[in-house]
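Novice: take a look and give me a structure for this.
(one chain, ligands or ions: 1)
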Amino acid sequence: MMLRPSFNDSPVNPEPAVMDRSSFALRLPVFAAPMFLISGPALVLAACKAGIVGAFPTPNARPVEMLDSWMREITEGLARARDEQPASTIGPWCANLVTHSSNTRLPEDLELVAKYKPPIVVTALGSPKPAIDIVHGYGGKVFADVISIHLARKAVAAGADGLACVSAGAGGHTGFLSPFAFVSAVREFFDGYVVTGGGISDGWGVAGAIASGADFVYMGTRFIPVAESMASDAYKQMVVDSNIDDLVVSAGITGTPASWLKASLRANGLDPDNMPSRPNGSTTAASRLPRGAGRTCGPRGRAWARSGRSRRWLPWWTGWPPNTRRPRALRGADAHAGDGMTGAPISMEALDLPSCHRPPTST
Ligand SMILES: Cc1cc2nc3c(=O)[nH]c(=O)nc-3n(C[C@H](O)[C@H](O)[C@H](O)COP(=O)(O)O)c2cc1C
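Specialist: Here you go, the predicted structure:
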């Protein structure tokens, strides 16, 4: 049987939806995607209070005691927000775990997951299996981060409730597939939650992703320049000042293809037009990065990052730059990343999903 997503009243889809997607109340079907060295409690809380999903990678909190305090801050902050604004839609928070066998901190991270109960856990770099019983035990959902149909099938077989289909154009370690082809192919065998991301930074992109069959959109780069991100001001400004032509995809830094800001590569002594195909000893910054680091830096990358050196000289990465001029669906008077408002706080007042479906007005 060919499963289609949530177009229940479509003539081509007489099947009822298998899954109750109403379990997540959101103002917009968007995740502020987990970003290494960028997402922390402030960004998670701001995103959730704005009515979207707020996510962060647990390795951003080092040592593990810091993770305990971040998770406490998030759960207490959200409880306070619910008390203070009972009528507001507060989005769920999400922890992003590295489930690769070489992540020696995984058992401790999972203990904290069991303690603080993030409604969504996204697993990366390994099977979602280690998280499933624990997260299901308190009623949470496990999504697996995947970049291919092969990995998507494996994650579904392992029991994932959802897939984060990271597609071409994604910030950080990127995917390769068109989000439309990826989501469509996944929907052939999976009727659970589907997130897709990669170069989506406005309402037109959100509307397109949802129309293609996804339930949610991952937006990462869009949130790098906001006030609540942990990026430096110079990094935020570079993201705002950049456009699509200022990006290059290269495996020359971490060993895995990633989207890099050309200006930051230059600032680190690299030539964006002549990047090595893999990290090598002759390139200044690249030579100091862990060879073979996997997607989202990989366990070895994280070990290196734990050393603290990453903050000093890692070139900045990003996906589709938020200042790319696109139709104005979700752009509005309120300050949010991408309108040239570096460091502005997150506000979703302008993010009115139905407006996505209006055709662009020609002026
Ligand atoms: C600076 C940066 C760091 C990232 N770090 C992580 C990470 O630690 N874990 C992860 O699963 N994805 C990570 N990602 C990928 C995002 O979660 C998301 O897939 C991506 O940003 C979506 O593409 P976009 O940036 O074009 O919106 C990172 C992305 C960026 C830009």
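Novice: the helices in the stretch 151-300 of the chain, which residues?
Specialist: For the stretch 151-300 of the chain, the helices defined by DSSP state H, counting those that start in this stretch occupy 179-187, 203-211, 233-241, 262-267, 298-306.
Novice: now those in TSV, with distance to the ligand and mean pLDDT?
Specialist: The C-beta positions use only the backbone N, C-alpha and C, and glycine is treated the same way. As requested, the helices of the stretch 151-300 of the chain are arranged in TSV below (distance: least, C-beta to the nearest ligand atom, whole Å; pLDDT from 0 to 100):
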stretch	distance to the ligand	mean pLDDT
helix 179-187	10	97
helix 203-211	9	94
helix 233-241	9	92
helix 262-267	11	92
helix 298-306	9	41
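Novice: okay if I get these as JSON lines plus mean neighbour count?
Specialist: Formatted as JSON lines, those follow (neighbours: other C-beta atoms under 10 Å):
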{"stretch": "helix 179-187", "mean neighbour count": "20"}
{"stretch": "helix 203-211", "mean neighbour count": "21"}
{"stretch": "helix 233-241", "mean neighbour count": "18"}
{"stretch": "helix 262-267", "mean neighbour count": "18"}
{"stretch": "helix 298-306", "mean neighbour count": "21"}
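Novice: which stretch among those comes nearest Glu65?
Specialist: helix 298-306 (13.7 Å; C-beta to C-beta).
Novice: now render the helices of the stretch 151-300 of the chain as JSON lines, adding distance to Gly252.
Specialist: What follows is those, written out as JSON lines (distance: least, C-beta to C-beta, whole Å):
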{"stretch": "helix 179-187", "distance to Gly252": "25"}
{"stretch": "helix 203-211", "distance to Gly252": "28"}
{"stretch": "helix 233-241", "distance to Gly252": "19"}
{"stretch": "helix 262-267", "distance to Gly252": "9"}
{"stretch": "helix 298-306", "distance to Gly252": "14"}
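Novice: so what's the residue nearest the centre of the chain up against?
Specialist: What sits nearest the mean C-alpha location of the chain, by C-alpha atoms, centre = their mean, is Ala33, with 2.3 Å. By C-beta atoms under 8 Å, 6 or more residues apart in numbering, the contact set of Ala33 is 39, 55, 171, 197, 218-220, 223.
Novice: and the closest residue to the ligand within the stretch 151-300 of the chain, how many neighbours?
Specialist: Nearest residue of the stretch 151-300 of the chain to the ligand (C-beta to the nearest ligand atom) works out as Gly220 at 2.0 Å. Neighbourhood size, Gly220 [other C-beta atoms under 10 Å]: 29.
Novice: could you find the closest non-adjacent residue to it?
Specialist: Closest residue in space to Gly220, ignoring its immediate chain neighbours: Ala33 at 3.8 Å, by C-beta to C-beta, 6 or more residues apart in numbering.
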